[in-house]
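**Student:** Quick check, what structure comes out for this input:
(one chain, ligands or ions: 2)
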Amino acid sequence: MGYHEIYDRWKQDPEGFWMDAARAIDWDRMPSKALFDENAPLYEWFSDGMVNTCWNAVDRHVEQGRGDQVAIIHDSPVSGVTRRITFVNLRNRVAQLAGALRAKGVEKGDRVIIYMPMIPEALEAMLACARLGAVHSVVFGGFASSELAVRIDDCKPKAIIAASCGLEPGRVVQYKPLLDGALERCNHQPDFCVIFQREQDVAQLVEGRDVNWHGFQYGVEPAECVPVEGNHPAYILYTSGTTGAPKGVVRSTGGHLVALNWTMKNIYNVDPGDVFWAASDVGWVVGHSYICYGPLIHGNTTIVFEGKPVGTPDAGTFWRVISEHKVRSFFTAPTAFRAIKREDPKGELLKNYDISCLRALYLAGERADPDTIEWAQKVLQVPVYDHWWQTETGWTIAGNPAGIEPLPIKIGSPTVAMPGYDVQILDEAGHPVPTGELGAIAIKLPLPPGNLPTLWNAEDRFRKSYLKHFPGYYETGDAGMKDEDGYLWIMARTDDVINVAGHRLSTGAMEEVLAAHPDVAECAVVGVSDDLKGHVPVGFLCLTKGVERSHAEIIKECVKMMRDRIGPVAAFKLAVVVERLPKTRSGKILRATMAKIADNAEFKIPATIEDPAILDEIRTALQGLGYAR
Ligand code: COA
Ligand code: AMP
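**Tutor:** Ligands and ions are numbered 1, 2, ... in the order given. Down below sits the predicted model:
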């Protein structure tokens with residue numbers, strides 16, 4: 001069957017489609033049905049099944065004779081180490097870790113925060129939680145203490161598992177002081193913290209609270225897999241919304257297993273045993289779905305890469321990893337390719353490696369610009385598939401179903417909706433717009449298995465953020481269009497979320513940091529186009545009356561505050577002092593217009609603008625930063 005037949009089959013019989021997909025998973029009790037719609041518009045999948053994620057990702061492969069297959073390759077150019085862990089080793093290590101967590105009181109439903117760099121132990125920690133039915137929440141290492149603290153207070157973990165440090169090119173990032181700093185700020189305190197000591201930095205342990213990763217596992221009984229209900233939360237992953245409070249995206253166990261398993265062949269076109277590589281970080285959704293769970297559930301070898309596309313040691317690193325480990329399908333963010341192209345525009349370094357094992361490149365996380373796609377196609381000589389999804393969905397909304405049938409690529413479009421997604425383009429009033437016209441992208445409810453059922457501790461926010469604007473639909477927050485062939489085109493966010501080097505950040509959260517500076521009366525942060533990172537944030541500061549201090553000093557302090565409060569990953573380096581901000585008569589700051597001025601893009605002066613002259617002041621300020629020229 002081709003893509004259209006499969007998509008139609010899903011549309012005609014979603015229940016049958018997803019029950020069939022569910023049969024590829026080992027259940028302790030098969031669910032009686034797929035969709036549970038009693039609480040619509042809140043939906044659940046496979047709720048009355050009983051299942052364990054770790055069993056499906058690890059143990060069952062050992063049972064089925066894949067025990068000696070490599071499950072995880074740790075390739076770490078920043079530490080000079082390459083390690084391989086087979087499925088049987090992984091099973092033993094995870095069972096032991098889970099046993100030690102259980103011995104210290106971690107049970108089904110308890111939350112565990114994981115704050116670790118790109119080492120296999122991060123995946124082992126995730127899988128050990130899954131083995132017990134504990135709910136993990138991984139926090140990206142590039143976030144500062146206060147971001148970690150917000151997540152600790154929101155999900156109230158019984159335990160925190162951290163590493164002593166992460167390795168960024170040229171510097172060791174000490175995680176332990178960041179963790180200690182976060183715990184000093186928190187109201188909630190975990191019962192205990194497990195610290196994985198790396199040789200690059202051995203952290204001080206806090207007596208009575210911290211235990212050593214190896215020491216606390218000694219002599220305990222390994223844990224068996226604990227079956228959980230299909231709707232039991234597998235994990236919480238915080239992502240940026242429009243305010244400073246991140247949204248805790250919940251993933252339910254059954255749908256997560258079924259959907260990810262389905263994607264590995266149908267989208268990424270790999271068979272069990274093949275090597276799959278997603279060059280991202282376990283702290284992001286790509287890391288959850290495609291470094292840890294997806295490949296392991298499907299019996300693939302996954303690569304945990306601790307390095308950067310450039311500088312570790314050079315722009316040929318990706319090609320080395322692909323050739324050395326025989327990668328079949330490779331997934332990364334367009335920004336990584338822009339970084340490589342900038343260093344090695346002709347792809348000369350590729351000549352040193354045989355990458356004939358590679359079948360396709362998959363790009364996601366931000367808009368894939370045509371230049372980058374064309375360059376990647378030219379140097380790699382394999383299809384380059386853009387695909388569009390979000391932390392909330394956990395897997396592809398629109399992509400090219402290469403494992404079913406590769407569809408013709410239209411550069412700039414992530415191709416077509418996957419089965420499970422009825423994607424519509426709506427106008428402000430919620431009516432579908434004609435083909436080829438721009439509108440808000442919405443997905444008809446119910447969302448498919450694997451998508452978020454709600455936000456952690458925030459059902460109202462879930463309804464308000466995603467379900468309220470267009471009743472009967474999930475609002476994606478992206479704007480775009482559908483063409484006459486059903487291809488989707490994703491153009492921009494409709495909210496204050498920006499994408500910096502494939503990392504999703506909230507300009508609202510950054511504004512909250514700037515507003516906390518004692519000399520700042522009002523501020524705005526907008527994302528302006530950047531050749532490498534896609535977007536970078538720029539801050540506009542209106543100072544409190546009577547402040548006479550040097551603007552450069554104030555800006556320097558703001559940049560430092562952002563690094564300390566959100567983290568280096570915000571890449572906030574540019575700000576400018578202005579007299580006034582452009583607003584509508586109702587007081588809404590015209591951020592989108594400011595971004596368009598910065599990018600020299602065409603824009604219409606909004607009819608409701610309070611004072612159009614302010615736009616000229618903004619243009620002049622941006623010119624001072626090298627934009628709007
Ligand atoms: N722990 C601590 N700090 C981290 C970190 C981590 N896990 N990850 C990033 N940082 C820091 C970096 O050291 C950098 O700090 P600096 O300002 O002191 O230099 C800052 O956060 C910004 O990092 P990054 O976004 O990685 O930018 P970069 O300039 O170092 O590198 C790219 C640019 C394009 C090479 C890099 O962003 C990249 O590889 N992107 C791939 C995209 C990706 O994986 N996206 C995930 C979604 S698919
Ligand atoms: P995240 O939740 O971090 O994965 O970010 C999701 C957001 O990134 C989406 O809502 C889009 O705005 C953007 N995005 C992700 N993939 C793509 C893509 N292929 N094309 C355009 N935008 C994308």
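**Student:** How much space separates Ile555 from Ser356?
**Tutor:** 50 Å (CB to CB, to the nearest Å). C-beta: built from backbone N, CA, C; applies to glycine.
**Student:** quick one, which of those two is more surrounded?
**Tutor:** Ile555 (18 against 11; other CB atoms under 10 Å).
**Student:** I'd guess the more buried one is in a strand, am I close?
**Tutor:** No - assessed with DSSP: H, G, I helix; E, B strand; the rest coil, Ile555 is helix; it does not lie in a strand.
**Student:** Disregarding residues adjacent in the polypeptide, which is nearest to it?
**Tutor:** Ala575 (4.7 Å; CB to CB, 6 or more residues apart in numbering).
**Student:** What strands line up against the helix or strand where the one you found lies, and which way round?
**Tutor:** Assigned by DSSP states H and E, Ala575 falls within strand 574-577. Strands adjacent to strand 574-577 in the sheet, as given by DSSP bridges, are strand 534-543 (parallel).
**Student:** is any part of the partner strand close to ligand 2?
**Tutor:** No - Strand 534-543 does not reach ligand 2 (CB under 6 Å from any ligand atom); its nearest approach is 9.2 Å.
**Student:** list the buried ones in that strand?
**Tutor:** Going by neighbour count (16 or more other CB atoms under 10 Å), the buried part of strand 534-543 is Gly534, His535, Val536, Pro537, Val538, Gly539, Phe540, Leu541, Leu543.
**Student:** Check stretch 455-464 too.
**Tutor:** Neighbour-count burial for stretch 455-464 [16+ other CB under 10 Å]: Leu455, Trp456, Ala458, Arg461, Phe462.
**Student:** One more: stretch 439-452?
**Tutor:** For stretch 439-452, using 16+ other CB under 10 Å, the buried residues are 439-443, 445-452.
**Student:** how far does it stretch from start to finish?
**Tutor:** 23 Å (CA to CA, to the nearest Å).
**Student:** anything in that stretch sitting right up against ligand 2?
**Tutor:** No - judged by CB under 6 Å from any ligand atom, stretch 439-452 makes no contact with ligand 2; its nearest approach is 8.8 Å.
**Student:** Who are the contact partners of Thr544?
**Tutor:** By CB atoms under 8 Å, 6 or more residues apart in numbering, the residues touching Thr544 are Pro518, Asp519, Val520, Ala521.
**Student:** Please identify which pair of the residues you listed lies farthest apart.
**Tutor:** Pro518 and Ala521 (10.0 Å; CB to CB).
**Student:** what does the protein have sitting close to ligand 1?
**Tutor:** Applying CB under 6 Å from any ligand atom, one finds that the chain approaches ligand 1 through 117, 141-142, 166, 168, 173, 280-281, 284, 286, 308-310, 333, 335-336, 339, 365, 501-503, 532, 568-569, 571.
**Student:** Break down the stretch 51-200 of the chain into its strands, ranges please.
**Tutor:** 70-76, 81-86, 111-115, 135-138, 159-163, 165-168, 171-174, 192-196 (DSSP state E, counting those that start in this stretch).
**Student:** out of the ones you listed, which comes closest to Trp45?
**Tutor:** Nearest of the strands of the stretch 51-200 of the chain to Trp45, taken as CB to CB: strand 135-138 at 17.2 Å.
**Student:** and for that closest one, what are the contacting residues?
**Tutor:** 109-116, 122, 125-126, 129-130, 151, 155, 157, 233-238, 248, 282-283, 287-288.
**Student:** Which of those are buried, as a ChimeraX select command?
**Tutor:** Restricted to buried positions by 16+ other CB under 10 Å, the ChimeraX selection for the contacts of strand 135-138 reads:
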select :110,111,112,113,114,115,116,122,125,126,129,130,151,155,157,233,234,235,236,237,238,248,282,283,287,288
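**Student:** Just put the strands of the stretch 51-200 of the chain in a markdown table and tack on mean pLDDT.
**Tutor:** Output for the strands of the stretch 51-200 of the chain, formatted as a markdown table (pLDDT from 0 to 100):
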| stretch | mean pLDDT |
| --- | --- |
| strand 70-76 | 98 |
| strand 81-86 | 98 |
| strand 111-115 | 98 |
| strand 135-138 | 98 |
| strand 159-163 | 98 |
| strand 165-168 | 96 |
| strand 171-174 | 96 |
| strand 192-196 | 98 |
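**Student:** His214: which of these is closest?
**Tutor:** It is, among the strands of the stretch 51-200 of the chain and with distance given as CB to CB, strand 192-196, at 8.3 Å.
**Student:** On the C-terminal side of the closest one, identify the next helix or strand.
**Tutor:** Criterion used, DSSP H and E; the element after strand 192-196 is strand 210-212.
**Student:** Buried residues in that following strand, which are they?
**Tutor:** So for strand 210-212, counting by 16+ other CB under 10 Å, buried means Asp210, Val211.
**Student:** Then stretch 82-95?
**Tutor:** Those would be Ile85, Thr86, Phe87, Val88, Asn89, Leu90, Arg91, Arg93, Val94, Ala95, for stretch 82-95 by 16+ other CB under 10 Å.
**Student:** Show me which residues of the protein sit near ligand 2.
**Tutor:** 239, 285, 364-368, 386-388, 390-391, 414, 477-478, 490, 493, 499, 504.
**Student:** Residues in contact with the lengthiest helix in the chain: which ones?
**Tutor:** Secondary structure assigned by DSSP state H gives helix 87-103 as the longest helix of the chain. Contacting residues not belonging to helix 87-103 are listed as 54, 58-59, 61-62, 66-72, 85, 112, 124-125, 127-129, 131-132, 134, 159, 194, 216-217, 220-224 [CB under 8 Å, 6+ apart].
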